[in-house]
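# fold the stuff below for me.
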Amino acid sequence: MSDVASIRAQRHDLYLFIVRRTRDPATADDLVQETFARLLTYERARTVADRAALGYSIALNLVRDHFRNRQRRPVEALNDDIPCEAPAPEQILMHRQKVEVFGKVLDAMPPLRRDVFIRRRLHGQTCRQIAADLAMNEAAVEKHVVRALEQLHREIAKAERLQSGRRA
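Residues are numbered from 1 along each chain as shown. Have a look, this model is predicted:
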């Protein structure tokens, strides 16, 4: 029997030997490959009297290692019901569109309203601080904030209606 035919026969026998022990054809394929890799490495360094016996010995050790590793790291089946914590691409797109609308609405506001809104909502200043800085009364500051919020909500709602019309 030629060397190639001998290796093919041994490969088939090793595969059956490993698959009986692992009961997993994919794992058996991997372990057969690893067995031959180690067998050939060993043969390069030393003379082997019985290649088949050494192959079975290596394969048996690899099977044992496989099961030891599985016990250390139990394998969990993938579950499609586990949600991904990252936002969906549609959510990212909608958020970006809202931010874009927000920026446009801010740019379109009268300068005083924009300044009051940014100081109050983005920088967290109190109405009293803003009123003192801009020489206005607190009621006027509150009115500017309310009008800015109304304008923002109105424009964002309009943009959402346009987007839902495009998707439909």
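
# now do the helices in this protein.
Counting by DSSP state H, one finds helices in the chain at the ranges 3-22, 25-45, 51-72, 89-108, 111-117, 127-134, 138-167.

# out of those, which is closest to Asp81?
Among the helices of the chain, the nearest to Asp81 by CB to CB is helix 89-108 (19.2 Å). The way it works is simple: take the backbone N, C-alpha and C, and place the C-beta from them, glycine included.

# show me what the closest one is packed up against.
helix 111-117, helix 138-167 (3 or more CB pairs under 8 Å, 6 or more residues apart in numbering; DSSP states H and E).

# among these, where is the model least confident on average?
Here the lowest mean pLDDT among the helices and strands packed on helix 89-108 goes to helix 138-167, at a mean of 87.

# tell me the helices and strands packed up against that one.
If contacts are counted by 3+ CB pairs under 8 Å, 6+ apart, helix 138-167 sits against helix 89-108, helix 111-117, helix 127-134.

# so which of these gets nearest Ile58?
With CB to CB, the closest approach to Ile58 among those belongs to helix 89-108: 47.9 Å.

# so which bits of the closest one are buried?
Going by neighbour count (16 or more other CB atoms under 10 Å), the buried part of helix 89-108 is 101, 105-106.

# switch the helices and strands packed on helix 138-167 over to CSV; also include distance to Gly165.
Formatted as CSV, those follow (distance: least, CB to CB, whole Å):
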stretch, distance to Gly165
helix 89-108, 13
helix 111-117, 29
helix 127-134, 38
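
# mean pLDDT for these: which is lowest?
Note on the helices and strands packed on helix 138-167: helix 89-108 shows the lowest mean pLDDT, a mean of 88.
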